[in-house]
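Undergrad: No letters, just coordinates:
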C-alpha cells in the first residue's frame, strides 16, 4: 500500500465516524444524500418495520427520486403513543440539525414548535394548524413550519349525522378523546353543538394507552351510549384493532377519520385520507431540500372526504345500512 493510499483510507474512516451535522453538510454540498428526521406519536410495528403512514411518506419520497438507504436516510422516532416522549425525541432530532423534520399530529407539531424556530418542520397531518397556533395562516404560514392541515373538527358533525342515519334511534353518543391532544377539546365542542338538533346527548370518555381504550368503551356503554366518535389523534390512528375489539365487546358503533380502523373492524370512517397526506408531505420535503423556505409554502387543506363502511361489522351489531349510504360510500367491506 502506498503512502497516498494509506492516508486516503485513514481519511475516509475518520470522515465516516463524524456526527450527523458534518455529514449533513457534505450531503447538501453533493446534493446526493439527505438525512432527515421523522417524529410521530404512533407505534412502530413489531418486528421492526414502518407503519402505514410512514410507508406512505416513503412512497411519496420515492416518487420524487429519493430512496431510503440510498440518497435518503431517515432518523425515525416513534413515541409508541406516549406523548410524554415527544419532547425528548424533538430535542434529540433538532440537535442533529437536519435539513428538515417531518412530523404527524398536533401534539408533536406543538412540541417541535417549542423546540426550534430554525429547523424546517413539515407537518404531514394535524388538526387545524391555524387554530392550534402552529401557523399564522394557511396562505402565509410564517416561521419554520408548514404542511397539511386536517379538517377534523368540522368532520365530527358529519360523523354524528352518519351515525344517526345508520341508527335512527340513537340517543346518546360518546366521544373518545386523548387528554394529551390539545386539539381534541375542539372536536368535543363541535359534537356537543350539533347534537341537540339531532336529538342526541353527548358524553366524553378518554384514553391515552391501549389498555385505557377498553376501559373507555366500557365507560361509554355504562353511560348509555350507542355509538362512539373517535376524535382525530395520532395515537388513536394506530389503534384500529384495539378500538374495533373494544367496540364490538360493548356492541357500540364506531366512526373515525381513519380508513385503517374500518379495515380492522370498526363500523365506518368519514374524513380525509391521512395516509395520502403523508405521501403528499413528501412534496414539501422535496421543495425544502431544494432551497424553499417553510414560510413561503402555503399549508394544504385537502377537501376530498372518503366514506368507508364495514358491512360485516354492521351485521354483527344488527344495524341496517341505508341503501343511499352504501351507494355513496367510496368503499364497502363486505
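TA: Everything's here; your move. What you are looking at is a predicted structure, and each value in this text was computed from that prediction instead of being measured.

Undergrad: Just the buried residues of the strand or helix carrying residue 88, please?
TA: Assigned by DSSP states H and E, residue 88 falls within helix 86-95. Neighbour-count burial for helix 86-95 flags 86, 89-90, 93-94 (criterion: 16 or more other CB atoms under 10 Å). The way it works is simple: take the backbone N, C-alpha and C, and place the C-beta from them, glycine included.

Undergrad: These: which two are farthest apart?
TA: Spatial extent of the buried residues of helix 86-95 (CB to CB) is set by the pair 86 and 94 at 12.0 Å.

Undergrad: mind checking how far residue 200 is from residue 159?
TA: According to CB to CB, to the nearest Å, residue 200 stands 12 Å off from residue 159.

Undergrad: neighbour count winner among the two?
TA: Taking neighbours as other CB atoms under 10 Å, residue 200 and residue 159 compare with residue 159 leading, 30 against 21.

Undergrad: Wasn't that one part of a strand?
TA: No - secondary structure assignment (DSSP: H, G, I helix; E, B strand; the rest coil) places residue 159 in helix, not in a strand.

Undergrad: That one - nearest residue in space that isn't next to it in sequence?
TA: Once flanking residues are discounted, residue 159 sits nearest to residue 255: 4.7 Å by CB to CB, 6 or more residues apart in numbering.

Undergrad: so that neighbour bridges to which residues?
TA: Assessed by DSSP bridges, residue 255 has beta-bridge partners residue 229, residue 268.

Undergrad: Compute the number of surrounding residues for it.
TA: Neighbour count for residue 255, taken as other CB under 10 Å: 27.

Undergrad: And the helix holding residue 88, what does it pack against?
TA: When contacts are defined as 3 or more CB pairs under 8 Å, 6 or more residues apart in numbering; DSSP states H and E, helix 86-95 packs onto strand 34-40, strand 72-78, helix 106-115.

Undergrad: Dump the ones you listed to JSON lines, plus mean neighbour count and distance to residue 47.
TA: As requested, the helices and strands packed on helix 86-95 are exported to JSON lines (neighbours: other CB atoms under 10 Å; distance: least, CB to CB, whole Å):
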{"stretch": "strand 34-40", "mean neighbour count": "24", "distance to residue 47": "18"}
{"stretch": "strand 72-78", "mean neighbour count": "19", "distance to residue 47": "14"}
{"stretch": "helix 106-115", "mean neighbour count": "23", "distance to residue 47": "24"}
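
Undergrad: Which one, of those, ends up nearest to residue 263?
TA: strand 34-40 (19.7 Å).

Undergrad: Give me the next element, helix or strand, following that closest one.
TA: Toward the C-terminus, strand 34-40 is succeeded by helix 52-63 as the next helix or strand (DSSP H and E).

Undergrad: can you give me the angle that following helix makes with strand 34-40?
TA: 160 degrees (axes from the mean of the first three to the mean of the last three CA atoms, to 10 degrees).

Undergrad: Next, the buried residues of helix 52-63.
TA: Neighbour-count burial for helix 52-63, counted by 16+ other CB under 10 Å, picks out 52-54, 56-58, 60-61.

Undergrad: Nearest to residue 265 among these?
TA: Minimum distance to residue 265 across the buried residues of helix 52-63 is 16.0 Å, recorded for residue 52 (CB to CB).

Undergrad: mind checking which helix or strand the closest residue to the closest one other than its chain neighbours is in?
TA: Spatial nearest neighbour of residue 52, excluding adjacent residues (CB to CB, 6+ apart): residue 275 at 5.6 Å. Taking DSSP H and E as the definition, one finds residue 275 inside helix 274-289.

Undergrad: For residue 97, see how far away residue 237 is.
TA: From residue 237 over to residue 97 (counting by CB to CB), the distance is 29 Å.

Undergrad: shaky segments in the stretch 51-200 of the chain?
TA: Scanning the stretch 51-200 of the chain for pLDDT under 70 picks out the ranges 152-154.

Undergrad: what do you get if the cut-off is 50, keeping everything else the same?
TA: Filtered on pLDDT under 50, the stretch 51-200 of the chain yields no residues whatsoever.

Undergrad: Counting neighbours, what do you get for residue 168?
TA: Quick note: residue 168 (other CB under 10 Å) scores 9 neighbours.

Undergrad: Contact partners for it?
TA: By CB atoms under 8 Å, 6 or more residues apart in numbering, no residues touch residue 168.

Undergrad: Same check on the one 10 residues further on?
TA: By CB under 8 Å, 6+ apart, the residues touching residue 178 are 83, 184, 206-208, 231, 233, 235-236.

Undergrad: out of those, who has the most neighbours?
TA: residue 233 (30 neighbours).

Undergrad: is it true that it touches residue 105?
TA: Yes - between residue 233 and residue 105 there is a contact at 7.1 Å, judged by CB atoms under 8 Å.

Undergrad: Now the common contact residues for these two.
TA: residue 181.
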